[in-house]
Structure formats: structure tokens, C-alpha cells
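Undergrad: whatever this is, show me its structure:
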Amino acid sequence: MFRLLLLASAFLATATAKPPNFLVILVDDLGYGDLACYGAEDMRTPRLDRLMEAGTRFDQFYANCTVCTPTRASLMTGRYPDLVGAPGVIRQDPPKNWGHFRPSGPTLPELLKTAGYHTALIGKWHLGYESPNLPNDRGFDFFHGFLGDMMNDYYTHLRGGVNWMRRNKETITAEGHATEVFTRWSIDYLTERSKEADKPFFLYLAYNAPHFPIQPPKEWEEKVLAREKGIDPARARNVAFVEHTDHEIGKVLDALVELKLSKDTIVVFTSDNGGSIPHAQRNLPLRGGKQEHWEGGIRVPTCVVWPDRIPAGKRSNTPGMTMDLLPTLCEIADVPVEHEIEGQSLAPVWLKGEAGDPDRIMIWVRREGGQHQGRAYYAIRRGKWKLLQNTPLEPMVMVDLEADPFEENPKPAHGKVAQQLTDSLVSHIQKAGAVPWQK
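TA: Below is the predicted model of the structure:
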């Protein structure tokens, strides 16, 4: 009887234990080769290097798109972006806009709220400028950040002369470099949450940096120029920009420790797409960059940290995508996902060291105007095989990522495997074609 009481007590403690907090840090346009721990010899990124070592680093984690909006839509919904109205970049200028966010089910913050989470977004939203596509309409209890796609200046925070800074739905002005502003607001939020330690939180911290314009504080640029003799000035600005972002992220991580939140918080770090090569960002040793379906445009630096629960110092080759975060976080929080999604839970990979599905199908799409003429272009991967194009006006090519990991020798898309991938892609396109994204 005593043993049964102990077992019942243990079960009750487990059942009533508070689920972990979630801090998802999404940076903008961080190149796969633009952290010191990823091989950037001109970079000094001690805080992110330490974060990667503190948990499990995922070497085959992919953004859901080569550009901003679609990846963010996938994070919020667990779905491919063209299935939720966001195949391209949502912009404030209607003729240049290529999406209208339409979730097909509850968003990630809406799901977590059912388990008692307080939900917050600090930083960049980029999924809409008006209701019903404002953060507070889509599940966030608190929003303190920027609605737009990019800032024309990191100190004025304007885009096209418009101020898109908000506190919830109120237009606000902020002083200082945007990266520092978002850090300060995040620490303020964590401080408030520490006063309600019995209630879990989900903080989505989305920096604009290091998206162009490449605009580090002057003293950070001067430090890099003094240290890296002979460095190209454009590269120096980018190095300084990333190092400044690293420093600011470190402040948020320090706050977790100081507020005694770190042991109960899962930290996820990733990027929305690869680095922009014309802006001196690097994705080495991968080929290509932002806007391209070469690995450099879609594979992103990623790690997950949960002290004493997720192995430290481990590297995983399990394929993952941004859309996997919704089912993964929900599984860990014991929140059922009962509607259709394409994301796969990585919780068994994170927590149990399982291998995941190395042969899963992963699809990428982007639709854009300008030189792309409003047409979409695609990539699809299954196991080692990848079929891709980088504009809608060029033929697909085939890559064997085991034999040719840096995509140096793509082949014409012929043969049985190419046809199988094509058939899978066509099936997806038929499904996505039923979703109207225009207003």
C-alpha cells in the first residue's frame, strides 16, 4: 500500500509539474558560415558559440524558405508557407506584396495558451500590417516590436518612411539601435515573468539583425577594423553587425540565469534563411545564399538548449525544418495538435536522442515579382536526393548531397528518382493551388 501511495504521489507530481518555458530566438539572414563555431575565422561570437556547446547543434536544420515571411508563417503554423497564404514576402506596398497570412488552424502561441502559457513576441513580425494579422490577433498576449519586413535604418526604425513599431496595437517610438532595443524589451519581459514563476511563458524573440542595411554601432565596426587587418570594409561591417547581435543575445541569456529561469527554459536558436552574399554575408562551405535553393540559402545555424535535459556538446544530422518547432514544442508542453500540419515533432530527437526520419520529404517554395514575374520556384529533398531551381525560369537540377555535399556538380533532372521527386512536388503544388493568398 505504501508503495502504491508513493507511485501515485510520483504520478501526481509529474502530471501537475509546470511545463518548461520556451525562448525561441530567430535572427534574420544569418549565414551558415557567419559564426565562429561554424568556421568563420574573422568572427568573434562567444555567446552563440557557448550556446551551441550548451545544447544540441543541428547541422541539417533548414529554414522553410529562402526569405523572411514564408519561414515565419511556417513557424507560426507548422505548415508549408504556400498552404497558409504566405508563398512570398508580405510588403506594405500592395503591388510588391506576395502573400496574405491565412492560418488553417490555431497558431503556435494559440496552442500553447491552451496549456496556460503566457505568450509574447518581441521584435520582427512580418506577417501582416493590420487586423486580423497582427500578433495580438494571432495568439500573442504581448507584442513589443516591428510589424514590417525590414528597417531602412536601425536607429530610426522606419520602413519606407513609416513607423511600424508597436506595443501591442499602439504605435510607439523607440530610441537606440533596434538590436539593443529588442534586447532591452526582452529582459523587461523576462523580469516580469520571473514574478509569476508558476506560469510558463513562450517568448518569441525575433531580431531584425543581421538583415541589411548592414548597420553595426560605429564602435563595433572600428573594433573589427582594428583587429582584422586588411579586411574588406563591407565584410568588416557585417562581422561587426553579427558580433554586436551575439553580444545582445548574450544579455538575454544572462538575464535567464540571473532571474533563475534558465533551468526551466528551453532555448531554441535559428535563422529565417541564409546570408545575403551581395551584403558580404557568408554561408561557407555551402553553396549559394539568400533567395537561392542551394544549401547556403536554406540551411541555417540551429541549436536547442535545456540544461540537464537536452545533451550538451552534441551534434545531430537529423533533418529538420522551421515548421517542426510547432509540433515539437507542443509535444513537450503536452498540447495536442489535432489539425493537419506538415511539421514533424523533433521532441524524441531532442530529448531521447532518436534518429528522426532521414528520408522525410522536405519542400521549399518562393513566389516573387520583379525578375521572377510573379511565378514560384521550388526545391524538394528526400534523403540524399535534392531537386531544385533558383528562379522559375530555369530547369530543375538534381544533386546527390552525400556524394556532392557542396552542390558543385548538379546534374540534369532525369531518371527514376527525379521523376519520383517531381511527382511529390506536383502533388504539393496541386494542394497549395487550392489556397487563395490574394486578398
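Undergrad: contacts, neighbours, all on C-alpha from now
TA: Noted.
Undergrad: end-to-end on stretch 49-67?
TA: Stretch 49-67 has an end-to-end distance of 25 Å (C-alpha to C-alpha, to the nearest Å).
Undergrad: ok, residue 89 to residue 429 distance?
TA: Distance from residue 89 to residue 429, by C-alpha to C-alpha: 18 Å.
Undergrad: actually residue 251, not the one I typed
TA: Taken as C-alpha to C-alpha, the span from residue 251 to residue 429 is 43 Å.
Undergrad: now do residue 343
TA: Note on residue 343: its distance to residue 429, by C-alpha to C-alpha, is 17 Å.
Undergrad: the two: which has the busier surroundings?
TA: Using other C-alpha atoms under 10 Å as the criterion, residue 343 and residue 429 rank with residue 343 on top: 22 against 15.
Undergrad: which residue is the nearest non-sequential neighbour of that one?
TA: The spatial neighbour of residue 343 that comes closest, neighbours along the chain excluded (C-alpha to C-alpha, 6 or more residues apart in numbering), is residue 324 at 4.3 Å.
Undergrad: so where do the strands sit in the stretch 301-439 of the chain?
TA: 303-305, 314-316, 320-321, 361-367, 376-382, 385-388, 397-400, 411-412 (DSSP state E, counting those that start in this stretch).
Undergrad: and what of the stretch 101-250 of the chain?
TA: Secondary structure of the stretch 101-250 of the chain (DSSP E, counting those that start in this stretch): strands located at 118-124, 142-146, 158-159, 162-163, 165-167, 170-171, 201-206.
Undergrad: out of those, nearest to residue 260?
TA: strand 201-206 (13.9 Å; C-alpha to C-alpha).
Undergrad: would you give the sheet partners of the closest one, along with the direction of each?
TA: Applying DSSP bridges, strand 201-206 is found paired with strand 21-27 (parallel), strand 118-124 (parallel).
Undergrad: comparing those strands, which comes out most buried?
TA: Using mean count of other C-alpha atoms under 10 Å, the stretch among the strands paired with strand 201-206 with the largest mean neighbour count is strand 118-124, at a mean of 25.
Undergrad: how about residues contacting that strand?
TA: Applying C-alpha atoms under 8 Å, 6 or more residues apart in numbering, the contact partners of strand 118-124 are 109, 112-113, 135, 139-149, 182, 185-186, 199-208.
Undergrad: can you check stretch 33-42 too?
TA: If you take C-alpha under 8 Å, 6+ apart as the criterion, stretch 33-42 is touched by 32, 43-46, 48-49, 228, 239, 242, 281-285.
Undergrad: run the chain-centre distance for stretch 178-198.
TA: Distance, stretch centre to chain centre, for stretch 178-198: 20 Å (C-alpha atoms, centre = their mean, to the nearest Å).
Undergrad: quick check: mean pLDDT across that stretch?
TA: The average of the pLDDT scores along stretch 178-198 is 96.
Undergrad: kindly report the same for stretch 259-275.
TA: In this model, stretch 259-275 has a mean pLDDT of 98.
Undergrad: number of nearby residues for residue 37?
TA: Residue crowding around residue 37 was assessed by other C-alpha under 10 Å; the count is 18.
Undergrad: in a helix, that's where it is, yeah?
TA: Yes: under DSSP: H, G, I helix; E, B strand; the rest coil, residue 37 sits within a helix.
Undergrad: ok, which of the strands paired with strand 201-206 comes nearest residue 328?
TA: Closest to residue 328 of the strands paired with strand 201-206, according to C-alpha to C-alpha: strand 21-27, at 11.2 Å.
Undergrad: contact partners of the next helix or strand after the closest one?
TA: For strand 21-27, the following helix or strand on the C-terminal side (DSSP states H and E) is helix 46-54. With contact meaning C-alpha under 8 Å, 6+ apart, helix 46-54 is reached by 35-37, 246-247, 249-250, 302-305, 307, 311-314.
Undergrad: can you give me the helices for the stretch 151-300 of the chain?
TA: Assigned by DSSP state H, counting those that start in this stretch, the helices in the stretch 151-300 of the chain fall at 178-194, 218-227, 233-258, 295-298.
Undergrad: highest mean neighbour count out of those helices?
TA: Comparing the helices of the stretch 151-300 of the chain by mean neighbour count (mean count of other C-alpha under 10 Å), helix 295-298 comes out on top with a mean of 30.
Undergrad: pLDDT below threshold where in the stretch 1-150 of the chain?
TA: Applying pLDDT under 70 to the stretch 1-150 of the chain flags the ranges 1-16.
Undergrad: 90 instead?
TA: The stretch 1-150 of the chain contains residues with pLDDT under 90 at 1-18, 95.
Undergrad: so what pairs up with the residue lying closest to residue 167 once chain neighbours are set aside in the strands?
TA: Excluding the flanking residues, the one nearest residue 167 by C-alpha to C-alpha, 6+ apart is residue 144, at 4.4 Å. Here residue 144 shows beta-bridge partners residue 122, residue 167, assigned using DSSP bridges.
Undergrad: you'd agree residue 144 is up against residue 185?
TA: Yes: applying C-alpha atoms under 8 Å as the test, residue 144 and residue 185 come out as touching, 7.3 Å apart.
Undergrad: got the contact list for the closest residue to residue 386 other than its chain neighbours?
TA: Among residues not flanking residue 386 along the chain, residue 399 sits closest, at 5.2 Å (C-alpha to C-alpha, 6+ apart). The neighbourhood of residue 399, defined by C-alpha under 8 Å, 6+ apart, consists of 385, 386, 387, 407, 409, 410, 411.
Undergrad: pull out the buried residues from stretch 29-44.
TA: 29-38, 40, 42-44 (16 or more other C-alpha atoms under 10 Å).
Undergrad: now those residues in TSV, with distance to residue 234?
TA: Compiled in TSV, the buried residues of stretch 29-44 are given as follows (distance: C-alpha to C-alpha, whole Å):
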residue	distance to residue 234
29	16
30	16
31	15
32	18
33	16
34	14
35	17
36	18
37	22
38	20
40	15
42	13
43	14
44	17
